[in-house]
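Undergrad: Turn this into a model:
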Amino acid sequence: MIRPLIALLAVGFAAATLAQPAPTQQTTQPAPAKPAAKPAAKAAQAPKKIRPAWAELTPEQQDVLAQLKPEWDKLDRDRRLKWVGIAKRYPAMQPEQQARVQRRMEAWVKLSSEQRRQARENYKRIAKVPPERRGDLRQQWAEYQALTPQEREGLVPPAVDAYKHRH
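TA: Numbering: from 1, shown residues only. Now for the predicted structure:
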């Protein structure tokens, strides 16, 4: 039962590596004076396009990644490249693997940005677990999945109680 979760997290992680801009260094010397740009000129400058753009994908890649089209313009370059890599490998996959990719992509698109962030963090934590302990995680996950919804709710402390314990 943990295998689908790990796989979903893996696809999410593969598609969602955060790219941080490099910090800029300030020098002690002032920058050379630049002529002031006119406001109209600044407004006319379009933001740099992130590639590959949706239109730059092959028809086959667009077909495989169709569920991502509404989100494509929001993805950073690294995430786009990860998804393109998946689309390139897709034709060589077995039909059940292709179906799994589609299901996971559908699930990923439905997640909020916060849920995606949490999935990436969970994947990173699971990836750090030594292989010999992953069996324990699978067993614990299977036990959790076997619980009824009421039993699962019983494992989570009420928000008010959790607040009282912290303060």
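
Undergrad: any idea how far Leu147 is from Gln118?
TA: Distance, Leu147 to Gln118, by C-beta to C-beta, to the nearest Å: 21 Å. C-betas here are computed from N, CA, C, even on glycine.

Undergrad: Would you mark the buried spots in stretch 56-73?
TA: Buried residues in stretch 56-73, defined by neighbour count with 16 or more other C-beta atoms under 10 Å: 57, 61-62, 64-65, 68, 72.

Undergrad: and that stretch, average pLDDT?
TA: Across stretch 56-73, pLDDT averages out at 94.

Undergrad: just stretch 97-114 next, same as before
TA: 92.

Undergrad: quick one on the thing from earlier: of the buried residues of stretch 56-73, which pair is most distant in space?
TA: Using C-beta to C-beta, the buried residues of stretch 56-73 span at most 12.7 Å, a distance reached by Val64 and Trp72.

Undergrad: all helices for the chain, in order.
TA: 2-15, 39-44, 59-64, 77-89, 95-110, 113-128, 131-146, 149-155, 159-166 (DSSP state H).

Undergrad: Out of those helices, which gets nearest to Ile50?
TA: Among the helices of the chain, helix 77-89 sits nearest to Ile50 (C-beta to C-beta), with 5.2 Å.

Undergrad: Return the set of buried residues in the closest one.
TA: So, applying 16+ other C-beta under 10 Å, buried residues of helix 77-89: 79-80, 82-84, 86-87.

Undergrad: Low-confidence ranges, the chain, go.
TA: 1-48, 158-167 (pLDDT under 70).
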